[in-house]
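Participant: Kindly generate the corresponding structure for this input.
(2 chains)
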Amino acid sequence: MDLDKSIVGLTGPEFTFEVEKRHIRQFAQAIGDSNPLYVDEEYAAGTPYGGMIAPPTFPIAIGAEGEGIDLKLDPKRMLHGEQEFIYTRPIRPGDRLICQMKVTDLYEKEGRSGRMQCLVLDTEIKDENRSPVVISRMNIIYRSKTTAQKVSN
Amino acid sequence: MLKYSELQEGQVLESLKKPAVTKVQLVKYAGASGDFNPLHTDDEFAQSIGMPGVIAHGMLIMGFLGEYVMQVAGATAEPTNFRMRFGAMTRPGDDITCSAVVRKVYEEEGKHYVDLEVKAEKAPEKVVGSGQATLRFF
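Facilitator: I've put the predicted structure just below:
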């Protein structure tokens, strides 16, 4: 069964994410990113950032924390096609972020392997005063049932 | 370090070559990102769904590009937008090279911006991720 336009606008439950120094350090280490902005307080204080920040792809770890939205998707048909981050300000250690996932768009397009649907899921990340911090936008390709079967066989 | 006044459209920036991806790195990235899909950490599982073995998280590749973009930006500019389209799969042992081309240099509301077209390749023309980063100068 294909996805229906009615899912656009659905939201997941709001959740709070506390940003820990250690988490930022482990995230940067996994990437092998030794930029001192993420780990060295003194260095970071002397830059225009004025203090430590998280790497630009860190919001992906926040999205993984929430329950998400139960759209009854078939994981075999899903492909993470694109990822986008829209920044208002950097994430910093000690931030208490208020996060919520939303279905923002659903559209169809013709791919190399047939017709497919594209689902746009935003995780809106705000600070405690509800000022925007970053939007993590995931573009998911939802392949037709027959295409998904052809590819996995 | 980027200098707004010296940037030209079409300019190719110095690339960044990452050490080969390792299985331990994928385990670390799974833990740090919270993406525990066994496709990235369990060879047996990966083979059971027809893959030769584990593959890297697409977001790890975007992480490499993020490292590169932040290195290019240094203390002179910060990202306002960063997006990537996932390409070919990356496997342990692959060396990823990140590169960028200046796409657009412009001013908006008194601030200076540059759009970079970024790319991660495991070999020449074997693109594992491509996208764009917008940097705003401080």
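Participant: Close to chain A: what parts of chain B are there?
Facilitator: Counting by C-beta under 8 Å from any C-beta of the partner chain, chain B comes close to chain A at B:18-19, B:25, B:28-29, B:31-35, B:49-50, B:58-60, B:62-64, B:66-67, B:69-71, B:75, B:78-86, B:131, B:138. Every residue, glycine included, has its C-beta placed from N, CA and C.
Participant: If I follow the layout properly, B:Phe138 ends up in contact with B:Leu2?
Facilitator: No: the pair B:Phe138 / B:Leu2 is not scored as a contact, 10.8 Å apart, by C-beta atoms under 8 Å.
Participant: Which residues are in contact with each of the two?
Facilitator: Residues touching both B:Phe138 and B:Leu2 (C-beta atoms under 8 Å, 6 or more residues apart in numbering or on different chains): B:Thr76, B:Ala77.
Participant: So between those two, which is more surrounded?
Facilitator: Applying other C-beta atoms under 10 Å in any protein chain shown to B:Phe138 and B:Leu2 shows that B:Leu2 carries more neighbours, namely 17 against 13.
Participant: The more buried one: what's it in contact with?
Facilitator: B:Val72, B:Ala73, B:Gly74, B:Thr76, B:Ala77, B:Val114, B:Leu135, B:Phe137.
Participant: By proximity to chain B, which residue of chain A wins?
Facilitator: A:Ala64 (3.2 Å; C-beta to the nearest C-beta).
Participant: pLDDT score for that residue?
Facilitator: Listed pLDDT for A:Ala64 reads 77.
Participant: didn't it look like it was pressed against B:Ala32?
Facilitator: No: in terms of C-beta under 8 Å, A:Ala64 does not count as a neighbour of B:Ala32; the distance is 10.0 Å.
Participant: neighbour count winner among the two?
Facilitator: B:Ala32 (23 against 15).
Participant: OK, contacts around the more buried one?
Facilitator: For B:Ala32, the contact set (C-beta under 8 Å, 6+ apart) comprises A:His23, A:Gln26, A:Phe27, A:Gln29, A:Ala30, A:Ala61.
Participant: Those residues also near chain B: which ones?
Facilitator: Restricting these to those near chain B - C-beta under 8 Å from any C-beta - leaves A:His23, A:Gln26, A:Phe27, A:Gln29, A:Ala30, A:Ala61.
Participant: May I see the residues you listed organised as TSV, with secondary structure and pLDDT added?
Facilitator: Formatted as TSV, the ones next to chain B among the contacts of B:Ala32 follow (DSSP: H, G, I helix; E, B strand; the rest coil; pLDDT from 0 to 100):
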residue	secondary structure	pLDDT
A:His23	helix	98
A:Gln26	helix	98
A:Phe27	helix	98
A:Gln29	helix	98
A:Ala30	helix	98
A:Ala61	helix	95
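Participant: Among those, which pair sits farthest apart?
Facilitator: A:Gln29 and A:Ala61 (13.0 Å; C-beta to C-beta).
Participant: in chain A, which spans are strands?
Facilitator: A:15-18, A:78-87, A:96-111, A:114-126, A:132-143 (DSSP state E).
Participant: Now distance to A:Ile53 and mean pLDDT too, for the ones you listed, in TSV please.
Facilitator: As requested, the strands of chain A are exported to TSV (distance: least, C-beta to C-beta, whole Å; pLDDT from 0 to 100):
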stretch	distance to A:Ile53	mean pLDDT
strand A:15-18	15	96
strand A:78-87	10	93
strand A:96-111	13	92
strand A:114-126	14	92
strand A:132-143	11	94
